[in-house]
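**Q** only geometry, no sequence info:
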């Protein structure tokens, strides 16, 4: 035993600094997102964890390790410059800050030379990292909250047009609505009357709605009944509007030709997320959940997308589904 102690002490000195360094690197912001998984076997191992299933839309950090079976393929999109890397069948790779590093003897890890990538930094989808709080779900406890939210979910903003166009669901017996506008700091700006459930922001309004500006809106009846619960929208610039139009057209063409991939869904999600397109992002996540109904990561996104839309009862439903599928999403 006396002979072994120095060896054990030396081993601890060598292993613990390496583990501490790996854990420290893993606490950095995510550097990539899983855009597509083909095959039945794909796994991830955090520096201080065990191997577990890897999911479409998982966020990756430095020192994570990912691997595939055979058949299998993992496509990863790096936020640094919007490039893709592919882990081929029977391959394993470490995640670095700007690329994947192959660690298995067989298989391969390669960079996708796709020419239609933007080659520019893309925003990290922080919505997946947002911590939930008990206050987020208070309104979900109101009687009839879930049914009431079905009306809220009919609302949408066409923000790639200028001025933006707003629409909402018809509430029986309501001859007129009150459209209220707020700035991003929740300060009231103005109230507009409308007899229709589709309303375009007027050119000669009491205030100018700035492009690249973030606002909030809600709709009430004359009796203060809520038709649209307040949520945020972003006013696109002309350049951003063209970008969205082109992305939507490309996506629609791929779907019509039955060539759309999960990577295409991920790209569109990242675009909607970057431009705070609350309605489009929610609709896309709903469609993604129907494509991959056993994926807790998509339900994690849906929880936060419903909260952004002012629908905590629907968010709670998505949260329960996420937890049922093995997701960990604690409420502080």
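**A** That came through, no problem. What you are looking at is a predicted structure, and each value in this text was computed from that prediction instead of being measured. Numbering: from 1, shown residues only.

**Q** for the closest residue to residue 214 other than its chain neighbours, phi and psi?
**A** Of all residues not flanking residue 214 in the chain, residue 184 sits nearest, at 4.1 Å (CB to CB, 6 or more residues apart in numbering). For every residue, glycine as well, the C-beta is placed using N, CA and C. Residue 184 has phi and psi values of phi -70, psi -20 when expressed as degrees, to the nearest 10.

**Q** residue 184 is in contact with residue 210, isn't it?
**A** No: with contacts counted by CB atoms under 8 Å, residue 184 stays clear of residue 210, the gap being 11.0 Å.

**Q** re earlier: quick one, what contacts the residue nearest to residue 214?
**A** Residues in contact with residue 184 (CB atoms under 8 Å, 6 or more residues apart in numbering) are 213-216, 232.

**Q** redo that, cut-off 10 Å
**A** 213-216, 232, 234, 276 (CB atoms under 10 Å, 6 or more residues apart in numbering).

**Q** host element of residue 327?
**A** Element membership of residue 327 [criterion: DSSP states H and E] is none; it lies in no helix or strand.

**Q** now for the closest residue to it other than its chain neighbours: which residues touch it?
**A** Excluding its sequence neighbours, the residue lying closest to residue 327 (CB to CB, 6+ apart) is residue 296, at 3.2 Å. Residues in contact with residue 296, defined by CB under 10 Å, 6+ apart, are 53, 55, 57-58, 321-329.

**Q** out of these, which are buried?
**A** Applying a neighbour-count criterion of 16 or more other CB atoms under 10 Å, the buried members of those are 55, 57-58, 321-322, 325, 327.

**Q** what's opposite the residue nearest to residue 30 when sequence neighbours are not counted in the beta bridge?
**A** Nearest residue to residue 30 in three dimensions, chain neighbours excluded: residue 59, at 3.8 Å (CB to CB, 6+ apart). Counting by DSSP bridges, residue 59 is bridged to residue 33.

**Q** surely residue 59 touches residue 28?
**A** No: at 11.2 Å, residue 59 does not count as touching residue 28 under the criterion of CB atoms under 10 Å.

**Q** more neighbours: those two, which one.
**A** Each of residue 59 and residue 28 has its neighbours counted (other CB atoms under 10 Å); residue 59 has more, 18 against 11.

**Q** for that one, give me its contacts.
**A** With CB under 10 Å, 6+ apart, residue 59 has these contacts: 29-34, 79, 124-126, 128-129, 297.

**Q** counting neighbours, which of those comes out on top?
**A** residue 32 (27 neighbours).

**Q** which residues touch that residue?
**A** 58-62, 64, 66, 76-80, 83-85, 95-100, 124.

**Q** in a helix, residue 207, correct?
**A** No: assessed by DSSP: H, G, I helix; E, B strand; the rest coil, residue 207 does not belong to a helix; its assignment is coil.

**Q** for it, grab phi and psi.
**A** Residue torsions, per degrees, to the nearest 10, at residue 207 are phi -140, psi 160.

**Q** secondary structure element holding the nearest residue to it once chain neighbours are set aside?
**A** Closest residue to residue 207 apart from its sequence neighbours, by CB to CB, 6+ apart: residue 189 at 5.5 Å. Using DSSP H and E, residue 189 maps to strand 188-194.
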